[in-house]
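Participant: quick one, what's the 3D model for this:
(one chain, ligands or ions: 1)
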Amino acid sequence: MHFTNNIVNCHYKNNLMALNTINPTETKAWLKLQLHFETMKSNSIKEMFQNDTERAEKFHIQWNDFLVDFSKNNINQQTLDLLLELAEEVKLNDAISSYFNGEEINQTESRAVLHTALRAPQSASVSVANKNVIPEIYEVKKNIQQFSNEIISGKRKGFTNKSFTDVVNIGIGGSDLGPAMVVEALQFYKNHLNVHFVSNIDGDHVNEIIKKLNPETTLFVIVSKTFTTQETLTNSETIRNWFLKSASQQDIAKHFVAVSTNIEKVTNFGIEATSIFPMWDWVGGRFSLWSAVGLSISLAVGYDNFDKLLKGANQMDEHFKNESSNKNIPVILALISIWYNNFFGAETEAIIPYTQYLQKLAPYLQQGIMESNGKSIGRDGKTVNYQTGTIIWGEPGSNSQHAFFQLIHQGTKLIPTDFIGFVKPLYGNEDHHNKLMSNFFAQTEALLNGKSAAQVQAEFDKQGLEKPKADYLKPFKVFSGNKPTNTILIKQLTPETLGSLVAMYEHKIFVQGIIWNIFSYDQWGVELGKQLANSILSEIESKTVNHHDSSTEFLLKYFLKK
Ligand code: F6P
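Facilitator: Below is the predicted model of the structure:
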């Protein structure tokens, strides 16, 4: 017993060593940043541009097909220097090495965090528990490639010997959002297969999907890292029952495959071991699209494009790992975001891609960012005394301009915003693209410069508006400006650039988690709701309402009257 405890303690201590525990607010840089903030808080970004014609030259990073312009922020060189000092004081570089080297930086679950290994080249060597994991990653990739090729080419057929026309990805959270976002984003590169996603436990969701399907020509991909998730298992059972109305038990093998770490549970469900694509516990759900969780991506756009997506992510990994902090895109974006979150008190960040293809980027990043950094306990086990995870939201431009941009321009809240745009469109329609991109550039310019009372008056004068009306209207038409934005301008939306873009945000998450001294790779916060839902389900099924708070009791009784 004593011996076992020693092992546990030793393991625990080793885990504690994977990442430093430094309260960022107790660093010298933080104190300097607080003082610096006092001189910057009422600064005008517009004036900084007027005083320095080289500002855009100084505050941008050009890398591969990316141009990241962060000059339209309320920062100067001193701000950046101090933020970089903060990164150094919390030993960011050591943490980056621990991350890529497979140390157990997911300390509360005793796991490494190695989605980066999934896109590493075959020649790389990454060890988990003294074993190089690259060969098994490539073994699974080979299976993904072969399987995708056989489904796409029609070599593999359904139970009535017809080729597959449809694929349904059944999963939720990271087992849905990543593949769904990428399949949507890369639809220009898509083949003939129709790919659908069922995630919500809402039975109406699954019914709306299956009503369009022919069981003879549909492939079902059940994706669940744990294979214990209520939504995925319930949807899979509903679909299996629907399938068995037209097929027999033995036909399941031809139509159902699974992606999971839990081989035993998958085989119990009735899927053959040979139809399971394994994944590993060192890949977090929200970072798993690069693994076999991306099978539906490979089916939709072909393995070569899936591989290009991984290559693009790997290029960003190399940039992040090797580039010095002051020229490192994820580091700079993370630091600027901390500047607003922790010093200006900004609570949210908007992400606005100027392409309809990226309409699922914000929901995808909501999980990535908020499930990772929505934490209030520091790595020392104590409640943090500063703000952590930002609230993420967004929609594609130009639609969002006609929806919520009013609040960003003239509301009372500070909302740092990332604008993501592309130099070239995919179909080459110049007229549309020039109009789209003129909106893209106009928005960040308007957010920066605003519109002064004098400019508004000049417009009124031109229109010949009488003075009383002009005086009345003027305050409503003034824009204060000074709203911070990052512009991420990418050559074209390709599998490679999409891979790099997603990896950029993944590493931004990592940097922020390190600086905030939190554990970014667990998600204990989603467990309580799951537990309570299970106990409420038994009350609903037995029609007996137990003791709850009076509101929950009242609602349950009302629901059971149906
Ligand atoms: O509910 C949170 C979560 O654990 C996510 O982190 C994960 O992506 C999702 O559930 C799905 O989990 P699984 O792939 O195990 O079904």
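Participant: what segments of the protein are strands?
Facilitator: For the chain, strands defined by DSSP state E occupy the ranges 60-63, 66-69, 127-128, 131-132, 166-170, 194-198, 218-223, 256-260, 276-278, 348-353, 391-393, 417-422, 485-490.
Participant: export the ones you listed to TSV and tack on mean pLDDT, distance to the ligand and mean neighbour count?
Facilitator: C-betas here are computed from N, CA, C, even on glycine. TSV is the format used below for the strands of the chain (pLDDT from 0 to 100; distance: least, CB to the nearest ligand atom, whole Å; neighbours: other CB atoms under 10 Å):
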stretch	mean pLDDT	distance to the ligand	mean neighbour count
strand 60-63	98	29	16
strand 66-69	98	27	18
strand 127-128	94	19	16
strand 131-132	96	23	12
strand 166-170	98	10	24
strand 194-198	98	13	21
strand 218-223	98	6	26
strand 256-260	97	8	26
strand 276-278	97	13	20
strand 348-353	98	19	23
strand 391-393	98	16	18
strand 417-422	98	23	23
strand 485-490	98	25	22
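Participant: figure out which of the ones you listed is closest to S97.
Facilitator: strand 127-128 (13.3 Å; CB to CB).
Participant: partner strands of that closest one, with direction?
Facilitator: Taking DSSP bridges as the criterion, strand 127-128 forms sheet pairs with strand 131-132 (antiparallel).
Participant: where does the protein come near the ligand, residue by residue?
Facilitator: Applying CB under 6 Å from any ligand atom, one finds that the chain approaches the ligand through 172-175, 224-226, 229, 232, 285-286, 371, 523, 526.
Participant: what's the end-to-end length of stretch 368-377?
Facilitator: Taking CA to CA, to the nearest Å as the measure, stretch 368-377 stretches 18 Å from start to finish.
Participant: quick one, what contacts I518?
Facilitator: Contacts for I518 (CB atoms under 8 Å, 6 or more residues apart in numbering) come out as 373, 375-379, 384, 388.
Participant: hang on, the earlier thing: which members of the residues of the chain next to the ligand are positioned in helices?
Facilitator: T232 (DSSP state H).
Participant: okay, the residues of the chain next to the ligand in CSV with pLDDT and distance to I61 next?
Facilitator: Shown next, in CSV, are the residues of the chain next to the ligand (pLDDT from 0 to 100; distance: CB to CB, whole Å):
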residue, pLDDT, distance to I61
I172, 98, 36
G173, 98, 32
G174, 98, 29
S175, 98, 33
S224, 97, 38
K225, 94, 34
T226, 94, 38
T229, 95, 39
T232, 97, 40
G285, 97, 30
R286, 98, 26
E371, 98, 27
Q523, 97, 31
V526, 94, 35
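Participant: of the residues of the chain next to the ligand, grab the buried ones for PyMOL.
Facilitator: Of those, the buried ones can be selected in PyMOL as follows, counting by 16 or more other CB atoms under 10 Å:
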select buried, resi 172+173+174+175+224+225+229+232+285+286+371+523
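Participant: let's have the strands of the chain in CSV, adding distance to N51.
Facilitator: What follows is these, written out as CSV (distance: least, CB to CB, whole Å):
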stretch, distance to N51
strand 60-63, 18
strand 66-69, 18
strand 127-128, 51
strand 131-132, 54
strand 166-170, 52
strand 194-198, 50
strand 218-223, 53
strand 256-260, 55
strand 276-278, 57
strand 348-353, 27
strand 391-393, 33
strand 417-422, 24
strand 485-490, 19
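Participant: ok, A334 touching K508?
Facilitator: Yes. Judged on CB atoms under 8 Å, A334 makes contact with K508 at a distance of 4.5 Å.
Participant: and stretch 460-472, what's buried?
Facilitator: 460, 465, 470.
Participant: gap between it and the chain center?
Facilitator: 48 Å (CA atoms, centre = their mean, to the nearest Å).
Participant: what of stretch 39-52?
Facilitator: Chain-centre distance of stretch 39-52: 32 Å, with CA atoms, centre = their mean.
Participant: got the end-to-end distance for it?
Facilitator: Stretch 39-52 end-to-end distance (CA to CA) = 18 Å.
Participant: could you do stretch 60-80 as well?
Facilitator: End residues of stretch 60-80 are separated by 12 Å (CA to CA).
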